[in-house]
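> need coordinates for the below:
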Amino acid sequence: MESSVCAAPFAATVATHRCEVAEHRWVNSRYRYLRLESTADLAGTTRSGQFYQLRCPTTNALQPFLLRPMSVYGVGPASGSIEFLYNVTGVGTASLATLEVGSSMEIVGPLGNTFEFDPSFKRVMVVARGVGLATMAPLLKDAGQAGVAVTALMSARSPGDLMRDEFLRGVEADVHSVFDSDGSSAVENVETLLRELIERQQPDVVYTCGSHRLLMLLQRVLADFPQVRGEVAMEQRMACGMGVCLSCVRMFDTPTGKHFKRVCREGPVFPIREVVGEVEFG
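Now for the predicted structure:
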């Protein structure tokens, strides 16, 4: 097994894994579920918020060159079992969708840092949109196992895209759903709902992934709730996934000033309050 380099403290667990496709199917008209099996202990080394680089297959029509970063949707119960949930949007994911059960593929990881979760928390809030929910699904499992209360604000284009059951996976939660189709996902509506929930429930931390608009909204809302921590799993185009190519840098406003950080290496999880909006270069 070939080791790779990654950010401490998880560097020792990064490796290339040859996996077999154990299950691969459509969840709905937009998203697919992929379960892989490996001889390695992926469940024991992978943490909430981390990702893998997937080597997508090549076909006559589809020839993706770079590996594709993908958040972990779940691990276990077998030690070598790992799950992904993805949206078919481009060449890489389109070729990934052609994989048949019984075929094999390579993945590299686990990569990146993790969500900070404390079993002593009383309540956590997750704010998710689209496939961003896959990134936070393991976090809900952690909360459920620790007996921590969960509030979930889920946003989707329409009720058919929501994937509520796929997100919760049996974890009890106070769920609030908003949709583009009926206008309930408008920023002003979501802001009112967020403020009401945070004021009433006083979560220890708010986590998000999957929408830049929701991230910027949470920055504004959490400015009025300094006692509530906030973390975001950033989605960013990347090539190597290990901090070498510098293709995934973003600007962050840290206590020592504004700095560029690599999403794959220093992230993908960052404090919500540190993320700077889109930056123009040149």
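
> Three-state assignment for the residue nearest to residue 274 when sequence neighbours are not counted, please.
Sequence neighbours aside, residue 252 is the residue nearest to residue 274 in space, at 4.5 Å (criterion: C-beta to C-beta, 6 or more residues apart in numbering). For glycine as for every other residue, the C-beta is placed from the backbone atoms N, C-alpha and C. At residue 252, secondary structure determined by DSSP: H, G, I helix; E, B strand; the rest coil is strand.

> OK, contacts around residue 252?
Residues near residue 252 by C-beta atoms under 8 Å, 6 or more residues apart in numbering: 258, 259, 260, 261, 270, 274, 275, 276.

> also residue 218?
Neighbours of residue 218 in contact, by C-beta under 8 Å, 6+ apart: 127, 194, 206, 208, 230, 232, 272.

> wait, which of those is closest to residue 163?
For the contacts of residue 218, the residue nearest residue 163 by C-beta to C-beta is residue 127; the value is 14.9 Å.

> just list whatever residues bridge to that closest one.
Residue 127 has these beta-bridge partners by DSSP bridges: residue 153, residue 208.

> neighbours around it, how many?
Neighbours of residue 127 under the rule other C-beta atoms under 10 Å: 30.

> what's the spacing between it and residue 34?
Residue 127 sits at a distance of 25 Å from residue 34 (criterion: C-beta to C-beta, to the nearest Å).

> just the CA coordinates of the lengthiest strand in the chain, formatted as CSV?
Scanning the chain for the strand with the most residues, using DSSP state E, yields strand 15-26. Output of strand 15-26 as CSV, limited to C-alpha atoms (Å, rounded to 0.1, in the frame of the first residue of the first chain):
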residue,chain,number,x,y,z
ALA,A,15,-2.8,5.7,1.4
THR,A,16,-3.9,4.5,-2.0
HIS,A,17,-6.6,1.8,-1.7
ARG,A,18,-7.8,-0.6,-4.4
CYS,A,19,-11.5,-1.1,-3.8
GLU,A,20,-14.3,-3.2,-5.2
VAL,A,21,-17.7,-1.6,-6.1
ALA,A,22,-20.1,-3.3,-3.7
GLU,A,23,-23.2,-1.2,-4.5
HIS,A,24,-23.9,1.6,-7.0
ARG,A,25,-27.3,3.0,-7.7
TRP,A,26,-29.4,6.1,-8.3
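
> name the helices or strands packed onto it?
Using 3 or more C-beta pairs under 8 Å, 6 or more residues apart in numbering; DSSP states H and E, the elements in contact with strand 15-26 are strand 31-37, strand 104-111.

> now that strand, how far from the centre of its chain.
18 Å (C-alpha atoms, centre = their mean, to the nearest Å).

> next one: stretch 134-150
On C-alpha atoms, centre = their mean, the centre of stretch 134-150 falls 13 Å from that of its chain.

> tally of neighbours for residue 84?
By other C-beta under 10 Å, 22 other residues sit near residue 84.

> how close does it sit to residue 144?
As for residue 84, its distance to residue 144 is 20 Å (criterion: C-beta to C-beta).

> same check on residue 175?
Distance from residue 175 to residue 144, counting by C-beta to C-beta: 14 Å.

> likewise residue 22?
24 Å.

> before we move on, what about residue 79?
Going from residue 79 to residue 144 by C-beta to C-beta gives 20 Å.

> then residue 225?
Going from residue 225 to residue 144 by C-beta to C-beta gives 24 Å.

> next one: residue 261
Note on residue 261: its distance to residue 144, by C-beta to C-beta, is 31 Å.

> before we move on, what about residue 89?
To residue 144, residue 89 is 30 Å away according to C-beta to C-beta.

> now swap in residue 213 and tell me
28 Å.

> those two: which has the busier surroundings?
residue 144 (17 against 13).

> excluding chain neighbours, what is closest to that one?
Excluding the flanking residues, the one nearest residue 144 by C-beta to C-beta, 6+ apart is residue 171, at 3.8 Å.

> that's all I had, so thanks and see you.
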